[in-house]
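>>> sequence and predicted structure below; questions after.
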Amino acid sequence: MYLYRILEFYAFFAILDKIGNLRDDVSLSDLEFSRRMAETMFRDEKGQIQRLVQTLADRPLLDAALDFGIITSPTASQLGDALYAFRNSIVHGKYGSGFAMHSDPVIGSMSVSSRWRPILLDLANKSINHFGARS
């Protein structure tokens, strides 16, 4: 989850233009500005992650996700969907919530989390390199 949190942080940068446009729109009332800001920040969490994955996913990363069985075809959109579903399986997984529950086996084959770790680590590093400050 900590690697996913890095992605959430950097996904915020993808919406900075929208926030800037809202801030500069003098035709918006204070109430409408507040409503649109809240909608921009919190409504489309999946879309923000999808856009980030679209920006960062290269062929080697997609091929690795395919090899690990995380996705069935090497596309950034499928990786974004799978990433969001994996996140929800941990955060929101409970009976009847519409998300598959996830917990790793103690022994046996490579766990779901173990397969995701190198993919998430690569995406987190790419996020930091892409958006992080240069010294």
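The structure has been received and is ready for your questions.
>>> residue at max distance from the center of this protein?
Relative to the C-alpha centroid of the chain, counting by CA atoms, centre = their mean, Ser27 is the outermost residue, at 32.3 Å.
>>> who's in contact with that one?
Residues near Ser27 by CB atoms under 8 Å, 6 or more residues apart in numbering: none. C-beta: built from backbone N, CA, C; applies to glycine.
>>> I'd like the distance between it and Glu39.
Using CB to CB, to the nearest Å, Ser27 is found at 17 Å from Glu39.
>>> Phe86 too?
Phe86 sits at a distance of 25 Å from Glu39 (criterion: CB to CB).
>>> which one of these two has more residues nearby?
Higher neighbour count among Phe86 and Glu39: Phe86, with 21 against 12, using other CB atoms under 10 Å.
>>> that one and Phe68, how far apart?
12 Å.
>>> what touches both of those two?
Shared contacts of Phe86 and Phe68 (CB under 8 Å, 6+ apart): Trp116.
>>> can you read off the pLDDT for the residue farthest from the centre of the chain?
Here, the pLDDT recorded for Ser27 equals 95.
>>> tell me the spacing between it and Asn21.
Counting by CB to CB - Ser27 and Asn21 are separated by 12 Å.
>>> now the helix or strand containing Ser77, how far from the centre of its chain.
Ser77 is located in helix 76-91, with elements delineated by DSSP states H and E. Remark: helix 76-91 is offset 7 Å from the chain centroid, using CA atoms, centre = their mean, to the nearest Å.
>>> mean confidence (pLDDT) on the very next helix or strand once past that helix, please.
Note on helix 76-91: by DSSP H and E, the next helix or strand toward the C-terminus is helix 112-131. Averaged across helix 112-131, the pLDDT comes to 91.
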